[in-house]
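[1] Sequence first, predicted model second:
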Amino acid sequence: MVAEIEALGQRAVALPLHAADSSTFAAFFAQVTTVLADAFGTDRLDFLINNTDISLSAPFAEITEG
């Protein structure tokens, strides 16, 4: 997707996040903050495409981290 956006003359980045592990969220936020400043010269998002896939086979109330 990044290559397609860049081919249109725009800037884009893709950052991985292990969405099932909340202990990674703080580091991900720091990475987003750095990329926004370094790559885009801002501290705000214009667009966010969230593409997460988590496959669980349990009722929501029974789902835990890990």
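    Sure, I can see it. Residues are numbered from 1 along each chain as shown.
[2] Any regions of the chain where pLDDT drops low?
    Applying pLDDT under 70 to the chain picks out residues 52-56, 66.
[3] all helices for it, in order.
    2-7, 25-40 (DSSP state H).
[4] list the buried ones in the last one?
    Using 16 or more other CB atoms under 10 Å as the burial criterion, the residues of helix 25-40 that qualify are V32, L36. For every residue, glycine as well, the C-beta is placed using N, CA and C.
[5] and that helix, how far out from the chain's middle?
    10 Å (CA atoms, centre = their mean, to the nearest Å).
[6] go on, stretch 6-23?
    The chain centre lies 5 Å from the centre of stretch 6-23; the measure is CA atoms, centre = their mean.
[7] Redo the helices of the chain as TSV? Include distance to L48.
    As requested, these are exported to TSV (distance: least, CB to CB, whole Å):
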stretch	distance to L48
helix 2-7	13
helix 25-40	9
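[8] Please identify which of the ones you listed is closest to L17.
    The closest of these to L17 is helix 25-40. By CB to CB, the value is 4.8 Å.
[9] Can I get that closest one in PDB, CA atoms only?
    Extracted in PDB, the C-alpha atoms of helix 25-40 (Å, rounded to 0.1, in the frame of the first residue of the first chain):
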ATOM      1  CA  PHE A  25       1.500   0.100  22.700                       C
ATOM      2  CA  ALA A  26       3.700   2.700  24.400                       C
ATOM      3  CA  ALA A  27       6.600   1.900  22.100                       C
ATOM      4  CA  PHE A  28       4.300   2.000  19.100                       C
ATOM      5  CA  PHE A  29       3.000   5.400  20.100                       C
ATOM      6  CA  ALA A  30       6.600   6.700  20.500                       C
ATOM      7  CA  GLN A  31       7.400   5.300  17.000                       C
ATOM      8  CA  VAL A  32       4.300   7.000  15.500                       C
ATOM      9  CA  THR A  33       5.300  10.300  17.200                       C
ATOM     10  CA  THR A  34       8.800  10.100  15.800                       C
ATOM     11  CA  VAL A  35       7.700   9.100  12.300                       C
ATOM     12  CA  LEU A  36       5.100  11.900  12.200                       C
ATOM     13  CA  ALA A  37       7.800  14.500  13.100                       C
ATOM     14  CA  ASP A  38      10.600  13.100  10.900                       C
ATOM     15  CA  ALA A  39       8.700  12.000   7.800                       C
ATOM     16  CA  PHE A  40       5.900  14.500   7.800                       C
END
